[in-house]
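Novice: Quick one, fold the following:
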Amino acid sequence: AIELYERATELDSKEAHLNLGCLYRVGADVEQDRAKAIRHFEAAAVKGDTLARCKLGNIEANAGNYDIALQHYMIAAKLGCQVSLN
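Specialist: Okay, the predicted model is just below:
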């Protein structure tokens, strides 16, 4: 599955970036890698994926960067992501 997601990211799939970000964040089927997770979430967020934007907010909040986290949550909320309002 990883190989297919990686190929899909080469075709600019925001969903593939989101899914790879999730896998790298928790270390499922790949070695856990925070930097790769963030890179994939950022790529998906730039393409308009609101859940990826929300996950970036979670990462920043967990790191204590609350101002940056709030910015991610606000962008996601403005784009219609209900999860970011929780």
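Novice: which stretches of the protein aren't confidently modelled?
Specialist: 84 (pLDDT under 70).
Novice: Just the helices from it, written as ranges.
Specialist: Secondary structure of the chain, counting by DSSP state H: helices at 2-10, 14-26, 34-46, 50-62, 66-78.
Novice: Restrict the last one to CA atoms and write it as PDB.
Specialist: Spelled out, it's helix 66-78. In PDB, the C-alpha atoms belonging to helix 66-78 read as follows (Å, rounded to 0.1, in the frame of the first residue of the first chain):
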ATOM      1  CA  TYR A  66      -0.600  27.100  20.300                       C
ATOM      2  CA  ASP A  67      -0.600  30.200  18.100                       C
ATOM      3  CA  ILE A  68       0.400  28.200  15.100                       C
ATOM      4  CA  ALA A  69      -2.000  25.400  16.000                       C
ATOM      5  CA  LEU A  70      -4.800  28.000  16.200                       C
ATOM      6  CA  GLN A  71      -4.000  29.300  12.700                       C
ATOM      7  CA  HIS A  72      -4.200  25.700  11.300                       C
ATOM      8  CA  TYR A  73      -7.500  25.100  13.000                       C
ATOM      9  CA  MET A  74      -9.000  28.400  11.800                       C
ATOM     10  CA  ILE A  75      -8.000  27.800   8.200                       C
ATOM     11  CA  ALA A  76      -9.500  24.300   8.400                       C
ATOM     12  CA  ALA A  77     -12.700  25.700  10.000                       C
ATOM     13  CA  LYS A  78     -13.000  28.300   7.300                       C
END
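Novice: quick one: Ala63 from Leu56, how far?
Specialist: Counting by C-beta to C-beta, to the nearest Å, the separation of Ala63 from Leu56 is 11 Å. No exception for glycine: its C-beta is placed from N, CA and C like everyone else's.
Novice: Who has more neighbours out of the two?
Specialist: Each of Ala63 and Leu56 had its neighbours counted (other C-beta atoms under 10 Å), and the higher figure belongs to Leu56 (24 against 11).
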